[in-house]
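In: okay, predicted coordinates and the sequence, questions at the end:
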Amino acid sequence: MQGFRVGHITDLELVTGCTVFLFEEKNRAIASIRGGAPGSRELGTLAPGNLVEGVNAVVWSGGSAPGLATCDGVSTYLQEKGEGFSTRGGSIPIVAGAVIYDLEAGEPVSPTAEWGYRSCLAASHTPLQGSVGAGSGAVVGKYRGMDKAVKGGFGHSNARLRGKEVDFFVVTNAMGDIYHPVSGELLAGSLHGESMRGFFNGFLSTSKFSFHTTLTLGILHFSLSREDLSALAGVVHSALATSIRPYGTLYDGDVVILVSRGRGQCSYFSQLRLIYQAVGQAVVNSVENAIAAGGIPSRSDIIQQANT
């Protein structure tokens with residue numbers, strides 16, 4: 001990966017963690033929120049028309065709103081490096097953050113500023129996947145309660161077409177189930193007995209709703225304006241909805257951040273194809289690489305049990 005690094009801090013005993021994306025050059029960025037329960041920092045800065053166009057870092061954390069403290073640690077790291085928006089008083093790091101609610105997956109603990117700082121020290125060009133970082137406590141299929149939920153996680157996918165490429169990263173912590181974007185196969189969802197049947201089979205109206213968030217970061221390695229990125233955000237939400245059902249509900253705080261870096265143009269229909277391909281695969285990777293934590297089984301656990 002060029003132009004950015006990814007760092008994770010993971011605690012599978014507490015079942016939470018945080019992830020940082022550090023950008024090594026200027027960029028343009030926007031943010032888009034769907035659902036009624038977001039937790040975020042500085043996303044308003046990324047609206048088209050505002051003075052600052054890009055970000056120095058994007059931070060994802062477990063721990064719900066208190067987990068936004070991880071952004072302070074990342075900001076401290078960047079200030080020590082002299083990175084940020086230049087002012088007469090010094091550089092001000094632009095750190096956009098968002099959190100997931102994972103307080104019921106393990107201990108009710110939130111990552112701190114120290115975790116954010118350490119995630120910067122751990123950043124590399126080769127990201128891990130599964131139950132790592134902000135995906136440590138991610139859970140899907142929660143509409144029938146945590147005792148019937150399945151592990152979500154952190155997923156990444158790179159897609160290329162005609163010399164253009166995108167990287168998408170996803171943390172799946174959804175109320176809904178995860179389906180393969182092409183075949184429609186149920187990959188991870190609410191348990192019914194020892195098997196997964198999904199939202200469309202056996203939904204209970206007496207379900208206890210928790211809080212849920214799917215976090216998505218798309219890095220597009222070609223030049224786009226923030227207006228272009230804003231228009232593409234709806235496409236990303238649409239791509240997510242092909243794999244996560246239901247998506248964008250009142251109990252979700254789904255956040256999409258898009259970052260344009262690099263030069264050159266990419267045709268609009270190529271952009272659409274790259275987005276759908278990378279988003280869908282990142283969602284798939286997030287659950288296929290997840291492992292059990294906090295007593296919550298993973299997709300691989302359920303498949304293994306069914307085959308024994």
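Out: Noted; the coordinates are in hand.

In: use CA for all of it now, contacts and neighbours both
Out: Will do.

In: could you pull out the strands for the stretch 1-150 of the chain?
Out: Using DSSP state E, counting those that start in this stretch, the strands of the stretch 1-150 of the chain run over 4-11, 16-23, 28-34, 40-41, 57-61, 85-87, 90-92, 95-99, 139-140, 150-151.

In: check the stretch 201-308 of the chain too.
Out: Counting by DSSP E, counting those that start in this stretch, the stretch 201-308 of the chain has strands at residues 213-220, 244-245, 254-260.

In: so which of these comes closest to Ala122?
Out: Proximity to Ala122, assessed across the strands of the stretch 201-308 of the chain by CA to CA, is greatest for strand 213-220 (18.9 Å).

In: show me the contact partners of the closest one.
Out: Residues lying outside strand 213-220 but in contact with it, judged by CA atoms under 8 Å, 6 or more residues apart in numbering, are 37-38, 60, 98-101, 165-175, 252-262.

In: ok, which of the strands of the stretch 201-308 of the chain comes nearest Val6?
Out: For these, proximity to Val6 was assessed by CA to CA; strand 213-220 is nearest, at 11.6 Å.

In: what pairs with that closest one, and is each one parallel or antiparallel?
Out: strand 164-173 (antiparallel), strand 254-260 (parallel) (DSSP bridges).

In: most tightly packed of the strands of the stretch 1-150 of the chain?
Out: strand 150-151 (a mean of 33; mean count of other CA atoms under 10 Å).

In: parallel or antiparallel, which strands does that strand pair with?
Out: Using DSSP bridges, the strands paired with strand 150-151 are strand 139-140 (antiparallel).

In: what are the contacting residues of the partner strand?
Out: Against strand 139-140 from outside (CA under 8 Å, 6+ apart): 102, 105, 149-153, 172-178, 188-190.

In: where does the prediction get shaky in the chain?
Out: 1, 193-194, 200-210, 306-308 (pLDDT under 70).

In: could I get the full set of helices for the stretch 201-308 of the chain?
Out: 226-243, 268-288, 299-306 (DSSP state H, counting those that start in this stretch).
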